[in-house]
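> Sequence first, predicted model second:
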Amino acid sequence: MIRVQREDFDPGAEIAALMRGRNDIGGVTSFIGLVRDMAGGDKIQAMTLEHYPGMTEQQLAAIEAEAKKRWPLDAVLIVHRYGELKPGDRIVLVVTASSHRDAAFDACRFLIDWLKTKAPFWKMEETSTGPRWVEAKDSDDEAAARWRKE
Amino acid sequence: MIRVQREDFDPGAEIAALMRGRNDIGGVTSFIGLVRDMAGGDKIQAMTLEHYPGMTEQQLAAIEAEAKKRWPLDAVLIVHRYGELKPGDRIVLVVTASSHRDAAFDACRFLIDWLKTKAPFWKMEETSTGPRWVEAKDSDDEAAARWRKE
Amino acid sequence: MGWGASPHYISLMKLLYFAWLRQKIGTAEESLDPPGSIATVAQLIDWLKTRGPNYVDALTNTKLVRVAVNREYVTYDHRLKPGDEIALFPPVTGG
Amino acid sequence: MGWGASPHYISLMKLLYFAWLRQKIGTAEESLDPPGSIATVAQLIDWLKTRGPNYVDALTNTKLVRVAVNREYVTYDHRLKPGDEIALFPPVTGG
């Protein structure tokens, strides 16, 4: 399941809703990404997340489908916010459930790694020296490359 | 932070409490282990978790300290229950927070892998054919061995 | 069939720009009618750069220009079809 | 110093048993006063097995018997000290 929204989300409630009525799930891994108050030595006052409506959902759905193809997952949830955020605010939630904990961990990490290099979101930070667009990180490309299949 | 308790826990509230007032955390990984309703082809009616009070806390604290030594973590939480549980009930929560998502993921997985082979808990399952003690899994030993340093 | 072999007429195309590409070009969305010789993404970008210094500024460093056609990532040699929705944007930074 | 070289007297020891080991032995905890020749965990386990068939049943397959002394894992050649808290239990299955 994927959701792209302006509103905040409650990780505990999201995880609980995903598990509701199911007693066959052995392990749930989740990742929450948050806005940090510092970046590159500068204080961050706010962050605006722009995205490409339509393509975002399509890419997230493709990433979810790929994860389900690769690992035996009982449930998947991706929630990603857009709009204006403050330091400490939640940006993204990825939840994977499986009876195999390795699968839950691997799939969760795969989802966040791929999402970071494929989902069309762009972060603009408001710093004390003005606004600036966040540059893509080589380390994110490398993290995503781990999951490439030949 | 570690906690061993009979009572259930609320993963969302635990994660929120760990983050409260902190704007410097970039990523939070968590793992929740749950009681499954089936094991080895048998229906599970209940599970009793026995533990070794005192040693449990000491082992969990040692595992937490080891994780903090290996990775740059902003926060760590381990909550483990004991006593009688039902299918679908939560058993364990591991939360790691870091500005580096690889560190958060690796540390969380390390903690659950090590905990499974070191923390003195024992599961007894109530099945339709009577009670039985869960046997330790080779796959858990192998998972823990991943993190062994030479 | 070589890519110059059969230039086809591309009627009105929808162009979308995001993030600093949007800011540099000065619009988020426009409908354009490029000449019929424009068959690929690379040709379209070259043609856009003839439209003004704002396009040159946004599109010169193609290492920083990602392209999606109809919401799927494509490479610069991708052939365009009439009615395509073409999005140009910098490397993504979500998550 | 070889491990048989200097047997020391172990006064009252606290023994703890968990899980099926506890069930087989029939108690969770006992205080015992083993003979002074008992210096290591291995010797203690051998001595315990002389105490009755319930101990033999619980302790014969040593591959399934883990040992903690004063709440830390130890190996079978670990030397015991007076006042030690010694726990015997199967491989753990938490998490």
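Cool, got the structure. Numbers count the residues shown, from 1 in each chain, chains lettered A, B, ... in the order given.

> host element of residue A:94?
For residue A:94, the host element (DSSP states H and E) is strand A:90-98.

> Report the backbone C-alpha coordinates of that strand in CSV.
Coordinates of each C-alpha in strand A:90-98 appear next as CSV, following Å, rounded to 0.1, in the frame of the first residue of the first chain:
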residue,chain,number,x,y,z
ARG,A,90,8.3,13.0,9.7
ILE,A,91,8.9,12.7,6.0
VAL,A,92,8.5,9.1,5.1
LEU,A,93,7.4,5.8,6.6
VAL,A,94,8.3,2.4,5.2
VAL,A,95,6.8,-0.7,6.8
THR,A,96,7.4,-4.3,5.8
ALA,A,97,5.9,-7.4,7.4
SER,A,98,7.0,-11.0,6.9
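
> That one vs chain D: in contact?
No. Interface with chain D: strand A:90-98 contributes nothing (Cβ under 8 Å from any Cβ of the partner chain), its closest point being 14.7 Å away. From N, CA and C alone the C-beta is placed, and that goes for glycine too.

> what helices or strands is the next helix or strand after that strand leaning on?
Later in the chain than strand A:90-98, the nearest helix or strand by DSSP H and E is helix A:101-118. In this structure, helix A:101-118 makes packing contacts with strand A:27-34, helix A:55-70, strand A:75-81, strand A:90-98, helix A:138-145, strand B:27-34, helix B:101-118, judged by 3 or more Cβ pairs under 8 Å, 6 or more residues apart in numbering or on different chains; DSSP states H and E.

> okay, the ones you listed in CSV with mean pLDDT and distance to residue A:110 next?
Shown next, in CSV, are the helices and strands packed on helix A:101-118 (pLDDT from 0 to 100; distance: least, Cβ to Cβ, whole Å):
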stretch, mean pLDDT, distance to residue A:110
strand A:27-34, 97, 11
helix A:55-70, 98, 6
strand A:75-81, 98, 11
strand A:90-98, 97, 9
helix A:138-145, 88, 9
strand B:27-34, 97, 13
helix B:101-118, 96, 11
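
> Same list (those) but as TSV, adding mean neighbour count.
Listed next are the helices and strands packed on helix A:101-118 as TSV, based on neighbours: other Cβ atoms under 10 Å in any protein chain shown:
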stretch	mean neighbour count
strand A:27-34	25
helix A:55-70	18
strand A:75-81	23
strand A:90-98	24
helix A:138-145	14
strand B:27-34	25
helix B:101-118	24
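
> give me the residue from chain C nearest chain A.
At 2.6 Å from chain A, residue C:94 is the closest residue in chain C, using Cβ to the nearest Cβ.

> Tell me the bridge partners for the residue lying closest to that residue once chain neighbours are set aside.
Distance criterion Cβ to Cβ, 6 or more residues apart in numbering or on different chains; nearest residue to residue C:94, sequence neighbours excluded, is residue A:121 at 2.6 Å. Bridge pairing for residue A:121 (DSSP bridges) gives the partners residue A:51.

> Next, count neighbours for residue A:121.
26 (other Cβ atoms under 10 Å in any protein chain shown).

> Pull the contacting residues for it.
The neighbourhood of residue A:121, defined by Cβ atoms under 8 Å, 6 or more residues apart in numbering or on different chains, consists of A:49, A:50, A:51, A:56, A:80, A:82, C:92, C:93, C:94, C:95.

> cool, and residue C:73?
Counting by Cβ under 8 Å, 6+ apart, residue C:73 touches A:118, C:66, C:67.

> Chain neighbours aside, what residue packs nearest to the first one?
So that's residue A:118. residue A:59 (5.3 Å).

> Quick check: that neighbour vs residue A:109, distance?
The gap separating residue A:59 from residue A:109 is 18 Å, by Cβ to Cβ, to the nearest Å.

> same question, residue C:45
As it turns out, when the distance is counted by Cβ to Cβ, residue C:45 lies 35 Å from residue A:109.

> Could you do residue A:55 as well?
Summarising the geometry, the distance separating residue A:55 from residue A:109, computed by Cβ to Cβ, is 23 Å.

> Same question for residue A:7.
Here residue A:7 is placed at a distance of 26 Å from residue A:109 (Cβ to Cβ).

> cool, and residue A:45?
Using Cβ to Cβ, one obtains 30 Å as the distance from residue A:45 to residue A:109.

> Get me the contact residues on chain A for chain C.
With the criterion set to Cβ under 8 Å from any Cβ, chain A comes near chain C through A:33, A:49-52, A:54-55, A:58-59, A:80, A:91-92, A:112, A:115-124, A:133-137, A:140.
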